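# dropping the sequence and predicted coords here.
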Amino acid sequence: MSVKLTASAIAVAAIAATSAAARDQVQIAGSSTVLPYATIVAEAFGENFEFPTPVVEGGGSGAGRKKMCEGVGPNTLDIANSSSRIKQSDIDLCGTNGVSEIMEVRFGYDGIVFASDIDGPSFEFTPADWFNAIAKEVVVDGKLVANPNKTWADANANLPANNILAFIPGTKHGTREVFDKKVLEAGCKATGALELLGDKKACHALRTDGLSVDIDGDYTETLARLDANKNAIGVFGLSFYQNNTDKLIVATMDDVTPSTETVASGEYPVSRPLFFYVKKAHLGVIPGLQEYIDFFVSDDMAGPDGPLAEYGLVSDPELATTQEMVANGTPMPPLN
Amino acid sequence: MTDVSSTSSLLAVDDRTRRRNAAEKRFRVYGVIAIVLAMLALAGLMTSILTNGLSAFKQTFVTLEVYLDPAKLDKDGSGDLEKIRKVSTFGYAPLIRNTLQTHLDAPNMAVDDLSAKDAVKMISNESAAEMRRFVLANPDMIGETVSFKFLASGRVDGYYKGRVTMESAERDSNISPQQLMFADKLKDAGLLETSFNWGFLTRADASENRPEAAGLGVAILGSLYMMAVVLCLTLPIGVAASIYLEEFAPKNWFTDIVEVNISNLAAVPSIVFGILGLAIFINFAGLPQSAPIVGGLVLTLMTLPTIIISTRASLKAVPPSIRDAALGVGASKMQAVFHHVLPLAAPGILTGTIIGLAQALGETAPLLLIGMVAFVREFPGAPPEGLFDPAAALPVQVYNWTQRADPAFAERASGAIIVLLVFLLFMNAIAIILRRRFERRW
């Protein structure tokens, strides 16, 4: 018996050595924010085309881009999903590994919302409230002092006098970048702290006394934390909130309620574009790649009435330009 | 022996004896408390998993008679399969809407403020794909009215499992109380029923907008493939290594080092094997991502030390008299080992192997690093080629589903844990049976 098993083991090893050349299915990895959209598209793609369903992995925007830039060939990624724009360092890495042409596809927008447990009070925020609540140093009487605010009413007298407890995405998330830029920097400016601090980066410093908690997991973890702390506020993606409206109550920002409409019109201030990056060298080599990206940006999928919008994607008003660009295979110009 | 004072009687218990008895009684109580605590923890865990997960094995279905409209599916009436293929799943959704409209128009079925367009959302997004598959397989059925058993959407399903209530539907943007009322009417009409969910075991994973269609099929198959690879590699390698070390190898500093290393490897955290697998099998050897072969190889590395240790223990348990007797009647060393020692040690070896496999089956961390955490919807092919196709694995599927936004996935994650536990229980039961039936004691 042992002899037979050894023989089969050798056979397995032999196949292992010879295979691994061709690949039938598109491989995608990257942002966990884009992941649900990519899986919806991949699923519909597998149903409607003769090609196998693409394999989609999460892992984070930066990790996905890095993986895509590892080189050209069937053992490397075809598409990197990203919830923030590609960085020059990624492009440089791609260049050194022979990935010269990349297509940048912006397929829609995502809103970032502030929500609390459905049984808690409702909030109406401005960026300044958030800065006053969780920044490391805030302006009191024209001077920078260590943040003394304990309740939301301390940050802004119009808010409920609930204790401040905020669950915000950890620094590895693309969402945090947007939060830093659109909320903290805006609040920093509005409260006058920017002038005293002098540097935008300094506005990103948060209090470390436990009232602002970084969540390194995903939104399900934030939701679980809110469930345990009914008075806390969490930061979510718009699509996550829309799938959990029975558990969460959403806060307005600058008096605008987040929705796909207000994000699309630009009224709701905290939003960001979503991208995927395609390795051009793989077009025409990996079967179904061109069809997949065409299908992704088609009106049927990414349009305002498509399944992605239904799930919470804010459709890109310039989708037609994107479709044309994808059909022509135009590579992205250098970052400016 | 201590002095016994003249006043004490042998029948009366003195202080020291009383203290000793009390200490013993206390120790027993501690033991009982420890066991009760452990049982309570286990019971708590099991109730939490079972209450959350058992509902995943039931599913709400809606039976609808759908008219396969030639005007929509086969516009020029040619019956040409290529042209029918051009109609995407988006073209099939209106057909379901038409059927629901006729139900809404039927007497006593209408619900205020509920249009057929809203009612379609009660049926899984998977339905259009099911119909398209059916039509492509039976193109001559176009123009007929066919009865389909569709999955109800995750929220409607949740309503019949108690996860969704009329109150929560009020606030929920994905379901409205009107839709639930219509669901109740469909149920009264006998069109909607909840039955056992075979699809949970056979279907592939599904995307976020159709949690009701998500199943463990690919994950179960992927785990089976990996276990096959692990078994085919660890058993021969592990047994050969242990026989050599135990029976043939000279005892010197080199074999001592090997021995220490094997024990050390058994204690290395599994994530380390994942990093190793990523570097060696994917980056260096060029094996594909997300493939069961890579998972199997990584788990083989992880399981080998466990199997070598247990095999050596069972070889050691065979009394030397057996070897001596064989050698005494003129058998060679190899004959003595293969004809006499190995058969007697086999039950122990198999038990160790199965327990090693059970451990590998539940392992998640190394698989995360080699791309097994991906969204995979295609079933892998038949082995051996299928070993190189992308697949998922059971424990990773649990991890995957707990991260999804839709609450229906939380239920499925617990359901997947139950499936995983059943597999583990089954494997451990086999190990116990083998041990009971074949093990010999000397």
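Structure received. Since the model is a prediction, treat every value here as computed from it, not as a measurement.

# just the endpoints, please. Distance across stretch B:335-350?
21 Å (Cα to Cα, to the nearest Å).

# and if you look at stretch B:71-83?
Using Cα to Cα, the two ends of stretch B:71-83 sit 13 Å apart.

# report the buried residues of that stretch.
Judged by neighbour count (16 or more other Cβ atoms under 10 Å in any protein chain shown), stretch B:71-83 contains these buried residues: B:Leu73, B:Asp74. Every residue, glycine included, has its C-beta placed from N, CA and C.

# touching chain A at all, it?
No. On the criterion Cβ under 8 Å from any Cβ of the partner chain, stretch B:71-83 is out of touch with chain A, staying 11.0 Å away.

# same deal with stretch B:125-144?
Yes. Judged by Cβ under 8 Å from any Cβ, stretch B:125-144 and chain A are in contact via B:Asn125, B:Ala129, B:Arg132.

# could you do stretch B:426-435 as well?
No. Using Cβ under 8 Å from any Cβ, we find that stretch B:426-435 stays clear of chain A, coming within 14.6 Å at best.

# from the residues of stretch B:125-144 next to chain A, which is closest to chain A?
B:Ala129 (4.4 Å; Cβ to the nearest Cβ).

# ok, which stretches of the chain are strands?
All of this refers to chain A. Along chain A, counting by DSSP state E, strands occupy A:27-30, A:55-59, A:79-82, A:102-117, A:124-125, A:137-140, A:143-146, A:166-169, A:212-215, A:233-237, A:248-250, A:252-253, A:271-279, A:314-315.

# actually chain B
Using DSSP E, strands in chain B cover B:58-67, B:145-151, B:192-196.

# packing partners for the shortest one?
In this case it means strand B:192-196. Where contact means 3 or more Cβ pairs under 8 Å, 6 or more residues apart in numbering or on different chains; DSSP states H and E, strand B:192-196 is packed against strand B:58-67, helix B:177-188.

# the same query, at a cut-off of 6 Å, please.
Applying 3 or more Cβ pairs under 6 Å, 6 or more residues apart in numbering or on different chains; DSSP states H and E, we find strand B:192-196 packed against strand B:58-67.

# ok, the strand it packs on: who's next to it in the sheet?
Using DSSP bridges, the strands paired with strand B:58-67 are strand B:145-151 (antiparallel), strand B:192-196 (antiparallel).

# most neighbours per residue, which of those?
Among those, strand B:145-151 has the highest mean neighbour count (mean count of other Cβ atoms under 10 Å in any protein chain shown), at a mean of 16.

# avg pLDDT for that strand?
Strand B:145-151 comes out with an average pLDDT of 92.

# counting neighbours, what do you get for B:Asp112?
Here the count is done by other Cβ atoms under 10 Å in any protein chain shown, and B:Asp112 has 6 residues near it.

# what residues does chain B have near chain A?
B:88-90, B:129, B:168, B:171-173, B:207-209, B:232-233, B:235-236, B:239, B:286-288, B:290, B:371, B:374-378, B:384, B:388, B:390, B:403, B:405-406 (Cβ under 6 Å from any Cβ of the partner chain).

# can you tell me which of the residues you listed are buried?
Buried among the residues of chain B next to chain A by 16+ other Cβ under 10 Å: B:88-89, B:129, B:168, B:172, B:207-209, B:232-233, B:235-236, B:239, B:287-288, B:290, B:371, B:374-378, B:384, B:388, B:390, B:403, B:405-406.

# follow-up on the earlier one: adding distance to chain B, mean pLDDT and mean neighbour count, write the strands of chain A out as CSV.
Below are these laid out as CSV (distance: least, Cβ to the nearest Cβ, whole Å; pLDDT from 0 to 100; neighbours: other Cβ atoms under 10 Å in any protein chain shown):
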stretch, distance to chain B, mean pLDDT, mean neighbour count
strand A:27-30, 7, 92, 29
strand A:55-59, 4, 89, 25
strand A:79-82, 11, 93, 28
strand A:102-117, 12, 91, 23
strand A:124-125, 19, 90, 19
strand A:137-140, 34, 86, 19
strand A:143-146, 36, 86, 12
strand A:166-169, 14, 91, 23
strand A:212-215, 13, 89, 18
strand A:233-237, 8, 91, 25
strand A:248-250, 9, 91, 20
strand A:252-253, 17, 91, 22
strand A:271-279, 15, 92, 24
strand A:314-315, 15, 89, 24
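
# looking at those, which is nearest to B:Arg28?
Nearest of these to B:Arg28, taken as Cβ to Cβ: strand A:212-215 at 45.5 Å.

# give me the helix or strand of chain A that scores worst on average pLDDT.
Every helix and strand in chain A was compared by mean pLDDT, DSSP states H and E; the lowest is helix A:2-18, with a mean of 47.

# and the helix ranked longest in chain B, what does it pack onto?
If you go by DSSP state H, chain B has its longest helix at helix B:15-53. In terms of contacts (3+ Cβ pairs under 6 Å, 6+ apart), helix B:15-53 is packed against helix B:408-438.
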